[in-house]
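*Asks:* I would like the atomic coordinates for the input below:
(one chain, ligands or ions: 2)
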Amino acid sequence: MAQIISLGDIAKYVGQEVTVRGWVYDRTDKGKLQFIMVRDGSGLTQAVAFKGNLSASDFETASRVTQESSVVISGTVKANERVKKGFPGGYEIDLKTFHLLQQAEDYPITPKEHGVEFLMDNRHLWLRSMRQWALLRIRATIVREMRNWLDDHDYLLVDTPIITPSAGEDTTSLFEIDYFGEPAFLAQTGQLYNEANMMAFGKVYCFGPTFRAEKSKTRRHLMEFWMLEPEMAFTSLEEMMDMEEQFVSHVVQRALEKHRKEFEILERDTAKLEKVLPPFPRISYDEAVERLHKLAAETSDPEQKELLKIEWGSDFGSPHETALTQMFDKPIFVYHYPTAVKAFYMQPVEGRPEVCRSVDLLAPEGYGEIIGGSERIYDAALIEQRVSQLGIQRQAYEWYLQLRKFGSVPHAGFGIGLERTVAWVCGLDHIREAIPYARMLNRKYP
Ligand code: 4AD
Ligand code: MG
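*Replies:* Ligands and ions are numbered 1, 2, ... in the order given. Prediction:
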């Protein structure tokens, strides 16, 4: 058997005889010629079976092979610019042998159009399609580059628990579980533990799945999503914004460098991503509301006018975030939100306690919030008061309250939602494709 290669590396093997183990993506029957697209997880290439070049039985097998059958093939690699299809594209394999491992049954996902619900029901198979394959590779790079940036800037990865005794964010979206007869909750955030870890290590981050039982059926909400959360001691909101714009720009630029071809498959307009470089515009909540009022006043469409309505003091909904991000061609920071719409731990602005030292990062092109963060209350009495307002047994927070008694310091942190980031970077219409197996209001299968 010739050398086994990965199709992603096919360019290195031009002129050589190779073996590829994979799956049949597609087949075009031209009688004596069979054009078989083969994928192996790392790439996709055209394999050509010419009747005279294979044994009669191998050619016969190749002529009836079905979509997604598993195969081991060998032949000579050729560069061929006319082969546009495939990944990396521009190569083909002139087949000598064609061995079938398993002839696939009728594959439910065919090149014809399918409805999204059907595809989501078949998510375990849909992952094999080029579009899904491309975007999940970009997702992996986004994770790698987020972590690389933090590791290179001396943030320590400190893991936080998933099973927790108390709410981390709010009490309305908790998933409760039975912990040997006691109630416990799936983590909404790692933040509270991050704050303890920050006091031990200075700059930390956690990265893991988080859970929100949100009865929201929007294109931005999942019940289970991955969040990466840095937390840093002695850091102001402004310093954190400086850090966030460096961090986000790094991730986007590295994804662009590594995945030109994947972005092509996704038909993503990468010129828009190239603009994602520091500095990002920074606008206060007050200014954002003013801008929305102005936009609403100038809008002639009554439906749009209605959607843009907002009173000072309310949180932004998606139409507001969408409108705000469409005013800029970069991600934007919106800071100093009303204290009443944000989480219990956010530091009030000095002399103006109705707003807090919070900052969201809104992604452009209408994507909206991808990061939420703030300075944290570090005064013992104030945090105590806020926790008691949560209405959960105070004793579950004893450890958290202690942090303000043993060397409390100003500190800040944020959480970046992985799937919202992937949806934006990949230009997806809906967050459900940004995670391998989406958990949504009406879906936990497969
Ligand atoms: O703004 P959030 O709720 O902030 C926190 O949880 C803080 N404790 C983070 C911190 O400061 N350490 O969530 C942070 C981000 C959002 O900006 C969004 O990207 C994502 O998490 N997110 C969701 N993504 C998908 N589905 C949901 N239901 C999400 N809820 C939040
Ligand atoms: Mg938020």
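
*Asks:* count the neighbours of the closest residue to Lys215 other than its chain neighbours for me.
*Replies:* Spatial nearest neighbour of Lys215, excluding adjacent residues (C-beta to C-beta, 6 or more residues apart in numbering): Leu441 at 6.6 Å. Every C-beta, even on glycine, is put in place using the N, C-alpha and C of the backbone. By other C-beta atoms under 10 Å, the residues close to Leu441 number 14.

*Asks:* go on, Thr218?
*Replies:* 13.

*Asks:* kindly report the same for Leu135.
*Replies:* Neighbour number of Leu135 under other C-beta under 10 Å is 23.

*Asks:* residues in contact with it?
*Replies:* Contacts for Leu135 (C-beta atoms under 8 Å, 6 or more residues apart in numbering) come out as 262, 266, 422, 426, 428, 433-434.

*Asks:* so the residue nearest to Lys215 sits right up against Lys217, yeah?
*Replies:* Yes. Applying C-beta atoms under 8 Å as the test, Leu441 and Lys217 come out as touching, 4.9 Å apart.

*Asks:* by mean pLDDT, flag the weakest helix or strand of the protein.
*Replies:* Of all helical and strand segments in the chain, the minimum by mean pLDDT, DSSP states H and E falls on helix 380-390, at a mean of 91.

*Asks:* kindly report the residues of the chain close to ligand 1.
*Replies:* Counting by C-beta under 6 Å from any ligand atom, the chain comes close to ligand 1 at 169, 189, 191, 212, 214, 221-222, 225, 227, 229, 369-373, 413-415, 417, 419-420.

*Asks:* and those, which of them are in helices?
*Replies:* 191, 419-420 (DSSP state H).

*Asks:* who wins on neighbours among the residues you listed?
*Replies:* Gln191 (26 neighbours).

*Asks:* related to what we said a few turns ago, OK, contacts around the residue nearest to Lys215?
*Replies:* Contacts of Leu441 by C-beta under 8 Å, 6+ apart are 215-217, 223.

*Asks:* closest to ligand 1 among the contacts of Leu135?
*Replies:* Using C-beta to the nearest ligand atom, Ala434 is the member of those that lies nearest ligand 1, at 8.8 Å.

*Asks:* what touches both of Leu441 and Lys217?
*Replies:* Common neighbours of Leu441 and Lys217 (C-beta under 8 Å, 6+ apart) do not exist.

*Asks:* the residue nearest to Pro230 when sequence neighbours are not counted bridge partners, please.
*Replies:* In space, and not counting its chain neighbours, Pro230 is closest to Tyr205: 4.3 Å by C-beta to C-beta, 6+ apart. Counting by DSSP bridges, Tyr205 forms beta bridges with Leu157, Pro230.

*Asks:* got it, and the one 5 residues further on?
*Replies:* The bridge-partner assignment for Thr210, based on DSSP bridges, gives Phe225.

*Asks:* Glu145 reaches Arg254, doesn't it?
*Replies:* Yes. When contacts are counted by C-beta under 8 Å, Glu145 is listed as touching Arg254 (4.4 Å).

*Asks:* hang on, the earlier thing: now the ones in helices among the residues of the chain next to ligand 1 in CSV, with pLDDT?
*Replies:* Putting these into CSV (pLDDT from 0 to 100) gives the following:
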residue, pLDDT
Gln191, 98
Glu419, 98
Arg420, 98
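
*Asks:* any idea how many residues pack against Glu433?
*Replies:* Glu433, neighbours per other C-beta under 10 Å, totals 23.

*Asks:* can you list the low-confidence ranges for this structure?
*Replies:* 392 (pLDDT under 70).

*Asks:* mind naming the longest strand for it?
*Replies:* Criterion DSSP state E: the longest strand present in the chain is strand 17-30.

*Asks:* what comes into contact with it?
*Replies:* Against strand 17-30 from outside (C-beta under 8 Å, 6+ apart): 1-5, 7, 10, 34-41, 44-45, 47, 63, 65-77, 93, 96, 104, 111, 128, 130.

*Asks:* out of the residues of the chain next to ligand 1, which are buried?
*Replies:* Buried members of the residues of the chain next to ligand 1, scored by 16 or more other C-beta atoms under 10 Å, are 169, 189, 191, 212, 221-222, 225, 227, 229, 369-373, 413-415, 417, 419-420.

*Asks:* so which of these belong to strands?
*Replies:* 225, 227, 229, 369-373, 413-415, 417.

*Asks:* switch these over to JSON lines; also include distance to Val355.
*Replies:* Below are those laid out as JSON lines (distance: C-beta to C-beta, whole Å):
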{"residue": "Phe225", "distance to Val355": "27"}
{"residue": "Met227", "distance to Val355": "24"}
{"residue": "Glu229", "distance to Val355": "23"}
{"residue": "Glu369", "distance to Val355": "17"}
{"residue": "Ile370", "distance to Val355": "22"}
{"residue": "Ile371", "distance to Val355": "18"}
{"residue": "Gly372", "distance to Val355": "15"}
{"residue": "Gly373", "distance to Val355": "15"}
{"residue": "Gly413", "distance to Val355": "19"}
{"residue": "Phe414", "distance to Val355": "18"}
{"residue": "Gly415", "distance to Val355": "20"}
{"residue": "Gly417", "distance to Val355": "23"}
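
*Asks:* list the single closest residue to the one residue in the stretch 251-400 of the chain that gets nearest to ligand 1 in space, sequence neighbours excluded.
*Replies:* In the stretch 251-400 of the chain, the residue that lies nearest ligand 1 is Gly372 (2.3 Å; C-beta to the nearest ligand atom). Spatial nearest neighbour of Gly372, excluding adjacent residues (C-beta to C-beta, 6+ apart): Asp360 at 5.3 Å.

*Asks:* so who does that neighbour touch?
*Replies:* Contacts of Asp360 (C-beta under 8 Å, 6+ apart): 333-335, 337, 369, 371-373.

*Asks:* got those as a markdown table, with distance to Glu398 columns?
*Replies:* Output for the contacts of Asp360, formatted as a markdown table (distance: C-beta to C-beta, whole Å):
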| residue | distance to Glu398 |
| --- | --- |
| Phe333 | 34 |
| Val334 | 34 |
| Tyr335 | 31 |
| Tyr337 | 29 |
| Glu369 | 32 |
| Ile371 | 30 |
| Gly372 | 26 |
| Gly373 | 25 |
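
*Asks:* what about the helices in the stretch 151-300 of the chain?
*Replies:* Taking DSSP state H, counting those that start in this stretch as the criterion, the stretch 151-300 of the chain carries its helices at 191-201, 237-258, 260-265, 270-274, 285-298.

*Asks:* can you check which of the ones you listed gets nearest to Val116?
*Replies:* Minimum separation from Val116 across these (C-beta to C-beta) falls at helix 260-265, 18.4 Å.
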